[in-house]
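Q: Let me see the structure of the following:
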Amino acid sequence: MSLSQIKQPTLLLWGGRDQTLAPQSFPQIGKLLPNVIDTHVLPICGHVPHQCHPEKFNPHVMKFLNNLL
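A: Numbering: from 1, shown residues only. Below is the predicted model of the structure:
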């Protein structure tokens, strides 16, 4: 399956200091996904922002989920 086939609403979050995936690649990924609802860069986060900075990550997720209802 390619990214262009994913039709579900998508929230794209990434860490600006990710050392596993290049942070510069995420805008391109966002262009390939057809139904991106929102995107956010968490500048001080690495590869696991949900673990390292949940206080910054979780509000974005909750807003996204609440808007799906």
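
Q: Pull out the buried positions in the top helix by length along the chain.
A: Scanning the chain for the longest helix, with DSSP state H as the assignment, gives helix 54-68. For helix 54-68, burial by neighbour count (16 or more other CB atoms under 10 Å) applies to 56, 57, 60, 64. C-beta here means a position set from N, CA and C on the backbone, and glycine is covered the same way.

Q: Name the nearest of those relative to residue 34.
A: Nearest to residue 34 among the buried residues of helix 54-68 is residue 64, at 16.4 Å by CB to CB.

Q: I'd like the distance between the closest one and residue 8.
A: Distance of residue 64 to residue 8, computed by CB to CB, to the nearest Å: 12 Å.

Q: swap in residue 29?
A: Residue 29 is 15 Å from residue 8, by CB to CB.

Q: Settle it for me: which of the two has more neighbours?
A: For residue 29 and residue 8, the more surrounded residue by other CB atoms under 10 Å is residue 29, and the numbers stand at 15 against 9.

Q: give me every residue that touches that one.
A: Residues near residue 29 by CB atoms under 8 Å, 6 or more residues apart in numbering: 3, 12.

Q: Check which element follows the helix or strand encompassing it along the chain.
A: Using DSSP states H and E, residue 29 sits in helix 26-32. Next in sequence after helix 26-32, counting helices and strands by DSSP H and E, comes strand 36-42.

Q: Tell me which strands that following strand pairs with, and in which orientation.
A: Using DSSP bridges, the strands paired with strand 36-42 are strand 10-15 (parallel).

Q: The partner strand relative to helix 54-68, how many degrees between them?
A: 170 degrees (axes from the mean of the first three to the mean of the last three CA atoms, to 10 degrees).

Q: mean confidence score for strand 10-15?
A: Mean per-residue pLDDT for strand 10-15: 96.

Q: Which residues does it contact?
A: Outside strand 10-15, the residues within contact range by CB under 8 Å, 6+ apart are 21, 23, 26, 29-30, 33, 35-49, 52, 57, 60-61, 64.

Q: starting at the chain centroid, how far to it?
A: Centroid displacement of strand 10-15 relative to its chain, using CA atoms, centre = their mean, to the nearest Å, is 0 Å.
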